[in-house]
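Colleague: I would like the atomic coordinates for the input below:
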Amino acid sequence: MRNRGLVAWCRDLLWENPHRPWFLKTLLVVNLLGSLYGYYWYREQLAATPWIWWIFTPDSPLSTSLFTLALTLALKGKGSPFLRLLAAAGVIKYGLWAAVVITDYWLKGGPAELLEAMLCLSHLGMALEGLIFIRHWPFGRRHVLGVGGWLVLNDYVDYALGWHPYLFRPDQEGLAAVTAVALSGLLILCFSGRKMTTDQEY
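Modeller: Numbering: from 1, shown residues only. This is a model prediction of the structure:
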């Protein structure tokens, strides 16, 4: 009975009503701290990257920063459909992307150290939070077009121009590119197929 109660509580929180203030505040702090650490993680790459490409380089911390902003607005009873969709798409895409790249590193003989394990779990958590909230956040077709354009542009800059995040191994670039493009396409298809609100509502 106790287990059933826990399952029901988790279902209610994570599926039915994730917009409880304490939950939003907890995720806000987690995402903020994760963003700060993420920018620290990218410090050497950013120092070696021309500033004009900085916005395209730290994909994960930028996504969690946007998600932090979306949660902050949600706590205030406000929100931009475009920001919310962009934030959710970012944490889902780059959460899954990082998990794929790290797993591939392990499968190719890389040591399964604590740091990489924590990175993998935290990025899976990013994807999970995006999936939890996106079903509750309304958006219209123009928001999908805008977010889809950003995802495609980011992939172009990362893999056509070569400003993607540093990888664990040089031979991972093909997998990283295919994974990023596939996730962008899948997200655009999923968002386009969802029943949307009319753009005139925003």
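Colleague: so L62, which of the three states?
Modeller: helix (DSSP: H, G, I helix; E, B strand; the rest coil).
Colleague: typo on my end, G109
Modeller: Taking three-state DSSP, the label given to G109 is coil.
Colleague: can you give me phi and psi for T49?
Modeller: Main-chain torsions, T49, degrees, to the nearest 10: phi -110, psi 130.
Colleague: quick one: it and W163 touch, right?
Modeller: Yes - T49 lies in contact with W163 (CB atoms under 8 Å); the separation is 6.6 Å. Any C-beta I mention is one placed from the backbone N, CA and C, and that applies to glycine too.
Colleague: the more surrounded of those two?
Modeller: Shown here are T49 and W163; by other CB atoms under 10 Å, W163 has more neighbours (19 against 15).
Colleague: list the contacts of that one.
Modeller: Residues in contact with W163 (CB atoms under 8 Å, 6 or more residues apart in numbering) are 49, 53, 56-57, 157.
Colleague: and which of the residues you listed is nearest to T103?
Modeller: Distance ranking of the contacts of W163 against T103, using CB to CB, places T57 first at 22.3 Å.
Colleague: overlap in contacts of T49 and W163?
Modeller: With CB under 8 Å, 6+ apart, T49 and W163 have common neighbours T57.
Colleague: can you turn the buried part of the contacts of W163 into a ChimeraX selection?
Modeller: To isolate the buried subset of the contacts of W163 in ChimeraX, counting by 16 or more other CB atoms under 10 Å, use the following:
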select :56,57,157
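Colleague: want to throw the contacts of W163 into TSV with secondary structure, pLDDT and distance to L14?
Modeller: Below are the contacts of W163 laid out as TSV (DSSP: H, G, I helix; E, B strand; the rest coil; pLDDT from 0 to 100; distance: CB to CB, whole Å):
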residue	secondary structure	pLDDT	distance to L14
T49	coil	96	37
W53	helix	96	36
F56	helix	96	32
T57	coil	95	32
V157	helix	98	34
